[in-house]
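1. Starting from these lines, generate the structure:
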Amino acid sequence: MFSLIADEATDCAAMAQMALCVRYLKDSEIREEFLGVQMDYIRGQGYDGASKMSGLYRGVQARIRQQYPEAVYTHCKAHCLNLAIIHASKCTYVRNMMATVQTVAFAFNMSAKRLLKFQETLGCDPTSREEMEERQKLQSSCETRWAARADAFHTFLCLYRTVVTSLEDLGANGDTKAAANSLSVLQFDFIITLVTAEHVLAAVVELSTMLQQKACHLLRAATETRVIIATLKASKMKCLALLMVVPVSTATAERSFSTMRRVKSYLRSTMTTERLSGLGLLNIYQEKKLDAERIVDMFAAKKERRLALIFKV
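-> Model (predicted):
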């Protein structure tokens, strides 16, 4: 038994060409080959989401199932992942960030003057040069394989200081386009979105690569997908926890000053900071019950005192 895999592309003469492959088991090894087959043994079909191929009633998969009902159709999971990334990237912040990264990359790579300035700045930054190894320029984003954009975002993040310095220097020398790009990459929205998108795609790109391997099967794909989802959920909770602890205002600290005025008055102006802090806590948390016996025991146990606070039998 086997499954049929098909995809379509346009050649250099603008003619549509279709590739047909089969996926089968031989000696417990998964294989995908260009082979002539007997359709009686077909058990599966795999295409992308094109309506001509995946149409429910008139698509190729539907017509094949009319003659061979056991040929179950599977939408290419790598293509599904790519569509999911595209859908998630419709957010305005993500779309603007991707456009800025692409614009800056083109601005440097398509201009000899800007590229020379970029390479000179990179040469003066040993940290960025070490992280990028042999790379000497930014990477442009792939237009179709969105998971592959993780590499472009990672490169941009590693070279962020070099990018900003180069743009500012070019802008100071009259390059208005570089000056505008400099303002864009310094925006908080751009920075936080770039870091977040790079983190998410760095995890997803491994899944995308795995889904395109010949040896990958549905059980492994489902297992690895659950692992990625769990990892991203954990990262989401950490980010939410961080946002929760970031203060919104300093009102609580300001309210404590009213306690300070009651505790440290004109008659007690020589009070030390440690004593003020202790009395302030007692005053603010008056509703909390204190164990006087335990406090005396802790005070007495710190060192020997003239007054016998603890009686030994």
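2. Domain-wise, how is this protein divided?
-> As recorded under automatic domain parsing, the domains making up the chain are 2-75, 83-245.
3. So, low pLDDT: which residues of the stretch 101-250 of the chain?
-> Along the stretch 101-250 of the chain, segments meeting pLDDT under 70 span 133-135.
4. Around His79, count how many other residues there are.
-> His79 has 16 neighbouring residues, counting by other CB atoms under 10 Å. Bear in mind the C-beta positions are built from the backbone N, C-alpha and C, glycine included.
5. Enumerate every residue touching it.
-> Neighbouring residues of His79 by CB atoms under 8 Å, 6 or more residues apart in numbering: Asp48, Gly49.
6. Equivalent analysis for Glu32, please.
-> Ile5, Cys21, Val22, Arg23, Lys214.
7. that's a strand at the first one, yeah?
-> Yes: counting by DSSP: H, G, I helix; E, B strand; the rest coil, Ile5 falls inside a strand.
8. Give the buried subset of the contacts of Glu32 as a ChimeraX selection command.
-> Restricted to buried positions by 16 or more other CB atoms under 10 Å, the ChimeraX selection for the contacts of Glu32 reads:
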select :5,21,22,23
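9. need the contacts of Glu32 in a markdown table with distance to Glu198 and secondary structure, can you?
-> Formatted as a markdown table, the contacts of Glu32 follow (distance: CB to CB, whole Å; DSSP: H, G, I helix; E, B strand; the rest coil):
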| residue | distance to Glu198 | secondary structure |
| --- | --- | --- |
| Ile5 | 32 | strand |
| Cys21 | 34 | strand |
| Val22 | 38 | strand |
| Arg23 | 34 | strand |
| Lys214 | 29 | coil |
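10. ok, so of the contacts of Glu32, who is nearest Leu243?
-> Closest to Leu243 out of those is Lys214 (42.5 Å), distances taken as CB to CB.
11. host element of the spatially closest residue to the closest one that is not a sequence neighbour?
-> Spatially, and ignoring its direct neighbours in sequence, Lys214 is nearest to Glu32 (4.8 Å; CB to CB, 6 or more residues apart in numbering). Under the criterion of DSSP states H and E, Glu32 resides in strand 29-33.
12. Can you name the next helix or strand after that strand?
-> Toward the C-terminus, strand 29-33 is succeeded by strand 42-47 as the next helix or strand (DSSP H and E).
13. Provide the strand pairings for that following strand, with the direction of each partner.
-> Under the criterion DSSP bridges, strand 42-47 sits next to strand 2-10 (parallel), strand 72-75 (parallel) in its sheet.
14. Could the C-alpha coordinates of that strand be exported in CSV?
-> Only the C-alpha atoms of strand 42-47 are listed here, as CSV (Å, rounded to 0.1, in the frame of the first residue of the first chain):
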residue,chain,number,x,y,z
ILE,A,42,-3.5,3.6,-2.8
ARG,A,43,-4.3,4.4,0.8
GLY,A,44,-3.6,8.1,1.1
GLN,A,45,-3.2,11.4,-0.8
GLY,A,46,-1.2,14.5,0.1
TYR,A,47,-1.5,17.9,-1.6
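15. Name the residues that touch that strand?
-> With CB under 8 Å, 6+ apart as the criterion, strand 42-47 contacts 1-7, 23, 53-54, 60-61, 64-65, 68, 70-76.
16. Buried subset of those as a ChimeraX selection?
-> The following ChimeraX line selects those of those that are buried, judged by 16+ other CB under 10 Å:
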select :2,3,4,5,6,7,23,53,54,60,61,64,65,71,73,75,76
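17. Tell me how many other residues crowd Asp291.
-> 9.
18. show me the contacts for it.
-> Per CB under 8 Å, 6+ apart, neighbours of Asp291: none.
19. got it, and Gln61?
-> Taking CB under 8 Å, 6+ apart, we find Gln61 in contact with Gln45, Tyr47, Met53, Ser54, Gly55, Ala71, Tyr73.
20. Show me what the first one bridges to in the sheet.
-> This means Gln45. According to DSSP bridges, the residues that bridge with Gln45 are Leu4, Tyr73.
21. Please state the offset of stretch 200-218 from the chain centre?
-> Its chain's C-alpha centre and that of stretch 200-218 lie 16 Å apart, by CA atoms, centre = their mean, to the nearest Å.
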